[in-house]
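S.K.: model this:
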Amino acid sequence: MKYEQTALDYSAITMEMLRTQGVDMKKVAGEVIAFAKRSTLSKGYQCKPVLVGQNIAFDIGFLQQLMNYAGLAAEFEKTFSGTKDYYGNFQPHYIDTLAMGRLAFAADPEVTSYKLELVASKLGVELDDAHDAAADVTATLDILGVYTSRLRQTEGAAIAIQKKEKTRKYFKI
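M.R.: Below is the predicted model of the structure:
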């Protein structure tokens, strides 16, 4: 595989680190599938895991390439929730915390970016080392937790939509 120097510079990963600390990609792909299978509550279609991430559409292409490279694309499709697109390619279902952030902060003029570190700071979520995979995953899960707890809040439920009388041109319903 060819690694772009720009990507290596951005991530602060060196070729030496890849050689000495890297893990075989086929092994990683198998571990992703195994983790998803262990985390699936039942065998029903609605219980298949979905992917969660910050700007996850960016990462899904890499994940799909990894599964193709490892020869596990069919297993990936059986394990994760998703649908086939027009061309017959499996597209996993996902929850993007970036999109949730846009919804959560739509009315906040102070929020001008939805970068993970900025959203984490705004929500009071700890992010020790931005762009470190483990730290980013932990912060993303914590951010998702904040968003979902906000969805469950009952405060503001008093704002009721005024029901209008339903009528038709000739009959009252």
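S.K.: When you work out contacts or count neighbours from here on, use the C-alpha atoms and nothing else.
M.R.: Will do.
S.K.: residue boundaries of the strands in this protein?
M.R.: 51-53, 82-84, 90-92, 94-96 (DSSP state E).
S.K.: As a markdown table, these with distance to Leu118 and mean neighbour count would be great.
M.R.: Listed next are those as a markdown table, based on distance: least, CA to CA, whole Å; neighbours: other CA atoms under 10 Å:
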| stretch | distance to Leu118 | mean neighbour count |
| --- | --- | --- |
| strand 51-53 | 15 | 17 |
| strand 82-84 | 30 | 14 |
| strand 90-92 | 27 | 18 |
| strand 94-96 | 16 | 17 |
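S.K.: Could you save the ones you listed as JSON lines and add columns showing distance to Ala12 and mean pLDDT?
M.R.: Converted to JSON lines, those look like this (distance: least, CA to CA, whole Å; pLDDT from 0 to 100):
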{"stretch": "strand 51-53", "distance to Ala12": "21", "mean pLDDT": "95"}
{"stretch": "strand 82-84", "distance to Ala12": "33", "mean pLDDT": "95"}
{"stretch": "strand 90-92", "distance to Ala12": "29", "mean pLDDT": "96"}
{"stretch": "strand 94-96", "distance to Ala12": "25", "mean pLDDT": "96"}
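S.K.: what about the ones you listed, which gets the closest to Thr138?
M.R.: strand 51-53 (10.4 Å; CA to CA).
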